[in-house]
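Chemist: any chance you can model this:
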Amino acid sequence: MTTTRTGQPFDRAVLESLMRRRLFYTPAFEIYGGVSGLYDYGPPGCGLQANIIDTWRKHFVLEEDMLEVDCTMLTPAEVLKTSGHVDKFADWMCKDPKTGEIFRADHLVEEVLEARLKGDKEARGVKVEDKDEEDAKKKKKKVKDIKAVKLDDAVVQEYEEILAKIDNYNGEELGQLMAKHEIKNPATGGSLSPPMAFNLMFQTSIGPSSNYPGYLRPETAQGQFLTFQKLLEFNQGSMPFASASIGKSFRNEISPRSGLLRVREFLMAEIEHFVDPEGGKKHPRFSEVADVELELLNREVQLAGKTHVERVPIAQAVAKGTVDNETLGYFLARIQLFLERLGVDKTKLRFRQHMLNEMAHYATDCWDAELLTSYGWIECVGCADRSAYDLSVHAKKTGAPLVVREKRAEPLRVEEFAVEIDKKKFGPRFKKDGKSVEAAIEALTQDVREKLSLELKEKGKVTLDVEGVGDGKVEVGGDLLTIEKRTRVEHTREYIPNVIEPSFGIGRILYSLIEHCFWTRPEEEARGVISLPPPIAPTKVLLVPLSNHPDFTPQIKQLSSRLRSLGVSSRVDASGASIGKRYARNDELGTPLGITVDFQSVKDGSVTLRERDCMRQVRASADEVLEAVRRLVEGTESWADVEGRLPRFEGQEAD
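Modeler: Numbers count the residues shown, from 1 in each chain. Reported below is the predicted structural model:
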């Protein structure tokens, strides 16, 4: 059972009702019936998202001297074909042939087995939390009737192991699980078709002729890879360096669910850190984070059907090889520090390693920063070692030199077998097949060249494998070809860099953060509070005149103006409600601070400053209070610091 920030049982329906009522977000196109997986953010949602992005820029782009780019969302199909997304960016879906309903196979298996485990617990007299109540109301295909049936202990263990490895199954394996455990349409009991791949990209066409196919990008990464050479030049050829991009991405989810957590249009913040593959992918600042402790769930534990984590310093995890290299480890630690800076609950954060079958086609190692919510553990940040995959495939396709050239400190002498072709004779001899034969010769490895050089000396000719020419065998004489060992001196080193990619799902972070910060006051459970840190909160200060007395208006206007000049967002609540009710309404919005103007303010210019969580107040001059607000919002001072230097004030909170 998940809990609130203060340890109370968590009621998701209460929070989601608050978020919609206070317009953090709302279903898009709602008056037309809405479209699943599409949402609009309201004022507090926009403010919170902007502050998360601002913190991300400061924590990563500014701190790491990254090069930020903003690439187009429309991507030619050829680019995504080369990157592998057209062929491999897919989820597994199955269909009910009678009703036409579509299910995402892994989600269906997960939901059915979780429902059976829940029924088992109920049969054993164990009270369980219904975390899917709202989804059940929305979706007919959701598991509705959970029967209290006791399962054999071995079956329970098997189900738990399957759920622990649910992301590791391919389509064939999911089909086998569905058959073995008799997983059917939950609503009708009808049989389902075997899982088939469904590409998640939105396809479109570019231009009026509709003959130039494209896609809405599924990630921001490809634009960064294609501008690599220009970014390297902008960075004066210096390595390593990182690019960063913030923007919308699109995925045509089979079954959007879990509110803001699985949507079809979402904001991403991605980093591509380009690193020299030689030297073990060291990071110059790794020592700064070496002692940061992370909760790690590695793939060996998952393959055993377990989910227990190991808490270790990142330096130890890298040294043991649990995390592949220093640069990957550096970013895992920096990701944790970023999430903590936002205000996530440290006890609800872990890093889960992708299993081999689960990893994206381009990755050699990958870890997800997962946050525990009422929906379970949710992937919010992925950190992958993409090796040199993307730059290599785009360079091979286009011929563009997506490489780093560095002057060697000392020249390197290289002994190799070089080939020379007599092109004056070569062309007339092979005619239309000349290019194919020449390409085959140039592609020969050093081992093959050494072998053929001996054959050429002994026989005066060599036989090559050339696909598409005659029977695939081509004889080339010594009058056309020379293969000999030579020594060359390299003054410049050329290599394709590897890429470490931290990828942040901003919407998922936003929702999970709100869950972690939500709680209710014991004396008034209907009074929800979202305890966002002052730097992250959408609105920082609530300005509250004690009443509608006209004497308060000039000071409220002046305070509002001064807060704007400090870059601090504020709202005025001059309604007729009591002070307590006005504060309560804004506690729901996460507003951390409140300034009250009363009759004493009119006399001596003093005001009270109230803190959201403890509801205590201090009183001081407007100048002192605004300075305290500035420090709190910048994160350079805590409320305890403020209480330590400004006098406490009692009153004005009661209704």
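Chemist: CA only for contacts and neighbour counts going forward, please
Modeler: Fine.
Chemist: tell me, what residue is most central in this structure?
Modeler: Most central in the chain under Cα atoms, centre = their mean is Phe504, positioned 2.9 Å from the mean C-alpha point.
Chemist: which SS class is that one?
Modeler: Assigned with DSSP: H, G, I helix; E, B strand; the rest coil, Phe504 falls in the strand class.
Chemist: the lengthiest strand in the chain pairs with which strands, parallel or anti?
Modeler: Counting residues, the longest strand in the chain under DSSP state E turns out to be strand 404-421. Applying DSSP bridges, strand 404-421 is found paired with strand 481-495 (antiparallel).
Chemist: in the partner strand, what's buried?
Modeler: In terms of neighbour count (16 or more other Cα atoms under 10 Å), strand 481-495 has its buried residues at Leu481, Thr482, Ile483, Glu484.
Chemist: tell me if I'm right that the last one and Phe417 touch.
Modeler: It stands for Glu484. Yes: contact criterion Cα atoms under 8 Å: Glu484 and Phe417 qualify, at 5.3 Å.
Chemist: look up how far Val541 lies from Asn548.
Modeler: Relative to Val541, Asn548 is positioned 19 Å away (criterion: Cα to Cα, to the nearest Å).
Chemist: model confidence over stretch 8-18, on average?
Modeler: Here stretch 8-18 scores 93 as its mean pLDDT.
Chemist: likewise stretch 567-586?
Modeler: 93.
Chemist: equivalent analysis for stretch 305-318, please.
Modeler: Stretch 305-318 comes out at a mean pLDDT of 94.
Chemist: and the contacts of it?
Modeler: Under the contact criterion Cα atoms under 8 Å, 6 or more residues apart in numbering, stretch 305-318 has outside partners 160-162, 164-165, 289-298, 301, 323-326, 329-330, 333, 350.
Chemist: check stretch 441-453 too.
Modeler: Glu416, Phe417, Ala418, Val419, Val462, Leu464, Thr482, Ile483, Glu484.
Chemist: can I get it in CSV, CA atoms only?
Modeler: Presented in CSV, the C-alpha positions along stretch 441-453 are these (Å, rounded to 0.1, in the frame of the first residue of the first chain):
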residue,chain,number,x,y,z
ILE,A,441,38.6,-5.3,-52.6
GLU,A,442,38.5,-2.1,-50.5
ALA,A,443,36.3,-3.9,-47.9
LEU,A,444,38.9,-6.7,-47.3
THR,A,445,40.0,-7.0,-43.7
GLN,A,446,43.7,-7.0,-42.8
ASP,A,447,43.7,-10.7,-42.1
VAL,A,448,42.3,-11.5,-45.6
ARG,A,449,44.6,-9.0,-47.2
GLU,A,450,47.6,-10.8,-45.6
LYS,A,451,46.4,-14.1,-46.9
LEU,A,452,45.7,-12.8,-50.4
SER,A,453,49.1,-11.2,-50.6
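Chemist: in it, what's buried?
Modeler: Here stretch 441-453 shows Ile441, Arg449, Glu450, Leu452, Ser453 as buried, counting by 16+ other Cα under 10 Å.
Chemist: tell me the pLDDT at the third one?
Modeler: Per-residue confidence for Glu450 comes out at a pLDDT of 87.
Chemist: assumed it was part of a helix.
Modeler: Yes: applying three-state DSSP, one finds Glu450 inside a helix.
Chemist: where do the strands sit along the stretch 351-500 of the chain?
Modeler: 365-373, 376-387, 404-421, 461-465, 473-477, 481-495, 498-505 (DSSP state E, counting those that start in this stretch).
Chemist: between these, which one is nearest to Thr99?
Modeler: strand 376-387 (30.0 Å; Cα to Cα).
Chemist: export that closest one to CSV, keeping only CA atoms.
Modeler: The C-alpha trace of strand 376-387 is given here as CSV (Å, rounded to 0.1, in the frame of the first residue of the first chain):
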residue,chain,number,x,y,z
GLY,A,376,3.5,0.9,-8.8
TRP,A,377,7.1,1.6,-9.8
ILE,A,378,7.1,4.1,-12.7
GLU,A,379,10.0,4.7,-15.1
CYS,A,380,10.6,8.5,-15.1
VAL,A,381,14.2,8.7,-16.4
GLY,A,382,16.1,6.3,-18.6
CYS,A,383,19.9,6.4,-18.7
ALA,A,384,21.3,4.4,-21.6
ASP,A,385,24.7,3.7,-23.1
ARG,A,386,23.9,3.9,-26.8
SER,A,387,27.5,3.0,-27.7
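Chemist: before we move on, back to that, check contacts around the residue nearest to the centre of the chain.
Modeler: If you count contacts by Cα under 8 Å, 6+ apart, then Phe504 has Met268, Ala269, Glu270, Cys380, Val381, Gly382 around it.
Chemist: also Leu559?
Modeler: So Leu559 contacts Ala622 (Cα under 8 Å, 6+ apart).
Chemist: and the longest helix for the protein?
Modeler: Ranked by number of residues, the top helix in the chain under DSSP state H is helix 105-123.
Chemist: what about that helix, average pLDDT?
Modeler: 90.
Chemist: quick revisit: which one of the buried residues of strand 481-495 is nearest to Ser392?
Modeler: Ile483 (28.2 Å).
Chemist: ranges for the helices of the stretch 551-655 of the chain?
Modeler: 553-565, 579-587, 599-604, 622-634, 639-645 (DSSP state H, counting those that start in this stretch).
Chemist: scratch that, the stretch 301-450 of the chain
Modeler: Using DSSP H, counting those that start in this stretch, helices in the stretch 301-450 of the chain cover 314-320, 326-342, 389-398, 423-430, 434-442, 446-459.
Chemist: low-confidence stretches in the stretch 101-250 of the chain?
Modeler: Scanning the stretch 101-250 of the chain for pLDDT under 70 picks out 128-145.
Chemist: got the residue ranges for the helices in it?
Modeler: 105-123, 133-138, 153-164, 171-180, 221-226, 228-234.
Chemist: what does the longest one contact?
Modeler: Counting contacts by Cα under 8 Å, 6+ apart, the residues outside helix 105-123 that touch it are 92-94, 127-128, 142-143, 146-151, 156, 159, 163, 166-167, 174, 177-178, 183, 186, 195.
Chemist: dump the contacts of stretch 441-453 into TSV; add pLDDT and distance to Leu108 as well.
Modeler: Listed next are the contacts of stretch 441-453 as TSV, based on pLDDT from 0 to 100; distance: Cα to Cα, whole Å:
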residue	pLDDT	distance to Leu108
Glu416	89	57
Phe417	90	58
Ala418	89	58
Val419	87	58
Val462	86	59
Leu464	86	53
Thr482	88	63
Ile483	89	61
Glu484	88	63
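Chemist: which one of these is nearest Val499?
Modeler: Among the contacts of stretch 441-453, and counting by Cα to Cα, the member closest to Val499 is Glu416, at 29.7 Å.
Chemist: who does that closest one form a beta bridge with?
Modeler: Going by DSSP bridges, Glu416 forms beta bridges with Arg486.
Chemist: pull the contacting residues for it.
Modeler: Gln446, Lys485, Arg486, Thr487, Arg488.
Chemist: one more: Ala584?
Modeler: Arg527, Gly528, Val529.
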